[in-house]
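Asker: Mind looking at a prediction? Sequence and model below.
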Amino acid sequence: MNVYIRVDASLEIGTGHVMRCLTLADKLREQGAVVCFICREHPGHLWGLIEQIGYTVLKLPPPKAPLHCHWLGVPVSVDASQTKELLEGKVIDLLIIDHYSLNIEWELCLRGTVNKIMVIDDLADRKHDCDYLLDQNYLEHYQYRYLPLVPPYCKTFLGPSYVLIRSEFYKQAKRIRSGTVRRIFLFFGGIDQTNETGKALAAFLELGRQDIEIDVVVGHSNPFKNELASLCHLHDHLHFHCQVNNMAELMSHADLSIGAGGTTTWERLYLGLPSLVISIAANQEKICEGLAKEKVIKYLGKKETVTQSFLTLQLKKMIKNEDERLEMARLASLLFKDAKFNQQAMIKQILE
């Protein structure tokens, strides 16, 4: 089966969409599918990483003007036309789309070029012409959000039991994090344009807890990576990591996490890692609010409203509150009931 994935990364979009598509691509490839990516040349694109993992990238030209259509870079009709040109003469059994700026207009343009279409979404804010739709988020009434937005024949995969978790996380043994906090995992996505990593690191240092080690993880595209590395090298209990491939191992060793509300949220939850979470994009806010309501994360608010001093206070409280951390982990485990089985069933169905 030939599968093509339309997804972008950029300094504005971040890296999360590409990373979860790589997870899906790996699972499809394991079942014999041939997978290629279609990506636009935005600043901060991840072509190199995708190709390094072994996938072909069909490349759309860079935007000629400031970002348009919510991160797409060009009008929807132009993106559809350019994508059709790239796919001309190819056999496409399945086209997967993970992009907030693409909708039914784009999908209808490509419908005659492909056999089936799958959409990955989080927002439920626009109509789609698709055969499959995946939304792994836990929100109020999540089972019904897409009823007016997709065709009657569309098969939907909704909720955390379908979350795209990398294989390394399934292989990692889960553990009960009782006792004192000895190690913290800090990660705010692959780019972190506003340096929430630096804010969180400063908040932690304000505690003066040299008995607690912290793993500071950044992506290769992080514009503050050099100064963060320099700061970490000044302290023996701070450990700097850039563009790692052992995230599951680092999370597993941690007793507490500080991070954003993006795709890594599900990896932390799967491993039962208690987390202080700050939303760094508008699309993360409702997801974080929903998870906080279920008491599986401690949501501190939007990045614009979370000050360093407030983060220090919340971090101090969470370090002291073992009962809350244990309850977070217990409740998180309930979100992923049958997750591995459901994910395998989803892969089988979309490859039929």
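Answerer: Alright, I've got the coordinates.
Asker: Would you mind listing where the stretch 101-250 of the chain has pLDDT under the threshold?
Answerer: Under the criterion pLDDT under 70, no range of the stretch 101-250 of the chain is flagged.
Asker: Which stretches in it count as helices?
Answerer: Counting by DSSP state H, counting those that start in this stretch, the stretch 101-250 of the chain has helices at residues 104-110, 167-171, 196-205, 225-233, 247-253.
Asker: and the last one, how far out from the chain's middle?
Answerer: Relative to the mean C-alpha coordinate of its chain, helix 247-253 is positioned 16 Å out (Cα atoms, centre = their mean, to the nearest Å).
Asker: Give me the neighbour count for His233.
Answerer: 11 (other Cβ atoms under 10 Å). (Each C-beta comes from the backbone N, C-alpha and C, glycine too.)
Asker: dump the residue contacts of the nearest residue to it once chain neighbours are set aside.
Answerer: Spatially, and ignoring its direct neighbours in sequence, His233 is nearest to Phe240 (7.0 Å; Cβ to Cβ, 6 or more residues apart in numbering). Going by Cβ atoms under 8 Å, 6 or more residues apart in numbering, Phe240 touches 216, 218, 228-229, 232-233.
Asker: Same question for Asn103.
Answerer: Asn103 is in contact with 76, 126-128, counting by Cβ under 8 Å, 6+ apart.
Asker: Got phi/psi on the most centrally placed residue in the chain?
Answerer: Geometric centre of the chain, nearest residue: Thr263, 2.1 Å, by Cα atoms, centre = their mean. Main-chain dihedrals, Thr263, degrees, to the nearest 10: phi -60, psi -30.
Asker: same question, the one 3 residues further on
Answerer: Main-chain dihedrals, Trp266, degrees, to the nearest 10: phi -70, psi -30.
Asker: can I assume it is in contact with Pro160?
Answerer: Yes - between Trp266 and Pro160 there is a contact under Cβ atoms under 8 Å: 6.8 Å.
Asker: where's Gln82 relative to Gly73, distance?
Answerer: Separation of Gln82 from Gly73 (Cβ to Cβ, to the nearest Å): 11 Å.
Asker: quick one, which of those two is more surrounded?
Answerer: Counted by other Cβ under 10 Å, Gln82 and Gly73 do not tie: Gly73 has more neighbours, with 25 against 16.
Asker: What sits closest to that one if chain neighbours are left out?
Answerer: Pro63 (3.3 Å).
Asker: what's the answer for Arg166, then?
Answerer: Thr23 (5.0 Å).
Asker: Then the one you found would be within a strand, right?
Answerer: No - counting by DSSP: H, G, I helix; E, B strand; the rest coil, Thr23 is not found in a strand; it is helix.
Asker: picking up where we left off before, include distance to Leu186 when you put the helices of the stretch 101-250 of the chain into CSV, please.
Answerer: Formatted as CSV, the helices of the stretch 101-250 of the chain follow (distance: least, Cβ to Cβ, whole Å):
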stretch, distance to Leu186
helix 104-110, 37
helix 167-171, 18
helix 196-205, 6
helix 225-233, 10
helix 247-253, 10
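Asker: Relative to Thr156, which of those is closest?
Answerer: Thr156 sits nearest to helix 104-110 of all these, at 15.4 Å, using Cβ to Cβ.
Asker: Buried ones in the closest one, by neighbour count?
Answerer: 104, 106-107, 109-110 (16 or more other Cβ atoms under 10 Å).
Asker: returning to what we had before: what about the residue nearest to the centre of the chain, distance to Leu102?
Answerer: On the measure of Cβ to Cβ, Thr263 and Leu102 end up 18 Å apart.
Asker: all strands of the chain, in order?
Answerer: Using DSSP state E, the strands of the chain run over 2-7, 34-40, 56-60, 94-98, 116-120, 132-135, 155-158, 183-187, 213-218, 238-242, 256-260, 275-279, 298-302.
Asker: Run through who's touching the fifth one.
Answerer: Spelled out, that is strand 116-120. Defining contact as Cβ under 8 Å, 6+ apart, one finds that strand 116-120 is touched by 17, 20-21, 24, 93-98, 107, 110-111, 128-135, 150, 350.
Asker: Also the last one?
Answerer: Counting by Cβ under 8 Å, 6+ apart, the neighbours of strand 298-302 from elsewhere in the structure are 261, 274-279, 285, 288-289, 291-292, 306, 310-311, 314, 318, 324, 328.
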